[in-house]
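>>> kindly generate the corresponding structure for this input.
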Amino acid sequence: MMSSENRSHFSAKVLYARGPARVLKVMGSAFEQFAGKKLLQLFDSTVAASQFNW
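I've put the predicted structure just below:
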């Protein structure tokens, strides 16, 4: 049986992976596609997605 501390740490990692991390990956991919079509200029799609998200 896992302690509640281990459970919440695991849950936080899973929540982040299934939520914010997933969104940043999808947004970064979309930004790369826009950049490929010359609709957007960026240096790092992950940074751009993170900044856009906030």
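>>> what residue lies at the spatial centre of this protein?
Note on the chain: the residue nearest the mean C-alpha position is L24, at 2.4 Å, using C-alpha atoms, centre = their mean.
>>> can you point out the buried residues in the helix or strand encompassing it?
Assessed by DSSP states H and E, L24 sits inside helix 20-36. Of all the residues in helix 20-36, those buried under the rule 16 or more other C-beta atoms under 10 Å are L24, M27, G28, F31, E32. For the C-beta atoms, the positions are set from N, CA and C on the backbone; glycine is no exception.
>>> isn't G28 up against A49?
Yes: between G28 and A49 there is a contact at 4.2 Å, judged by C-beta atoms under 8 Å.
>>> in this structure, where is pLDDT below threshold?
Where the chain drops to pLDDT under 70, the residues are 1-9.
>>> again, only using 90
Within the chain, the ranges that satisfy pLDDT under 90 run 1-20, 53-54.
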